[in-house]
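**Q** Return atomic coordinates for the entry below.
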Amino acid sequence: MARTFIVTVAYELKGGASEESAKLLRAELVSRGFRDTQGERALPKNSVWAQRPLGEDDTTDALHDACTRDLRLAAAAVRATGRTLELTRAWIQVSGGGTYGLAAGELGSPDA
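**A** This is a model prediction of the structure:
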């Protein structure tokens with residue numbers, strides 16, 4: 001029986017990447033099953049999430065590696081269009097249970 005995990009990916013682009021390249025990367029990631037919204041709310045820039053199944057014999061390391069591969073392939077697809085894009089680093093969090101979602105309220109307000 002497959003288990004389902006929530007995966008969050010936050011990535012950083014090297015300076016010089018155009019806004020168009022960044023948008024295309026996000027679109028590539030969405031086409032690979034990641035989401036850039038939760039409900040109707042947009043995620044922070046340069047972050048996506050997904051629900052991913054994992055087989056009984058697999059570990060979360062395999063899921064982490066699959067997300068790394070998706071990120072690399074999405075960046076390669078952007079570069080294949082002739083655009084400049086370089087990932088400098090990424091954070092991949094695999095969560096096994098509990099709640100997930102965007103922080104409620106406005107974070108910039110001290111009263112939130």
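**Q** mind checking the longest strand of the protein?
**A** Longest strand of the chain, by residue count under DSSP state E: strand 3-13.
**Q** Strands of the protein, residue ranges please.
**A** Here the chain has its strands, by DSSP E, at 3-13, 37-38, 41-42, 47-54, 87-95.
**Q** Adjacent strands (with direction) for the last one?
**A** Sheet neighbours of strand 87-95, with direction, are listed as strand 3-13 (antiparallel) (DSSP bridges).
**Q** For the partner strand, buried residues please.
**A** 5-11, 13 (16 or more other C-beta atoms under 10 Å). In short, each C-beta sits where N, CA and C put it, glycine included.
**Q** Same list, those, but as a markdown table with distance to residue 60 please.
**A** Converted to a markdown table, the buried residues of strand 3-13 look like this (distance: C-beta to C-beta, whole Å):
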| residue | distance to residue 60 |
| --- | --- |
| 5 | 7 |
| 6 | 11 |
| 7 | 9 |
| 8 | 13 |
| 9 | 14 |
| 10 | 17 |
| 11 | 19 |
| 13 | 26 |
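**Q** Need these in TSV (columns: pLDDT and distance to residue 73).
**A** As requested, the buried residues of strand 3-13 are exported to TSV (pLDDT from 0 to 100; distance: C-beta to C-beta, whole Å):
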residue	pLDDT	distance to residue 73
5	90	20
6	91	21
7	92	15
8	93	18
9	94	13
10	95	18
11	93	13
13	93	16
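**Q** how about those residues, which pair is most distant?
**A** Taking C-beta to C-beta as the measure, these span a maximum distance of 25.6 Å, between 5 and 13.
**Q** ok, residue 66 to residue 59 distance?
**A** Distance of residue 66 to residue 59, given as C-beta to C-beta, to the nearest Å: 11 Å.
**Q** who touches the longest strand of the chain?
**A** Applying C-beta atoms under 8 Å, 6 or more residues apart in numbering, the contact partners of strand 3-13 are 21-22, 25, 29, 34, 44, 46-54, 56, 60, 63, 67, 71, 85-96, 100.
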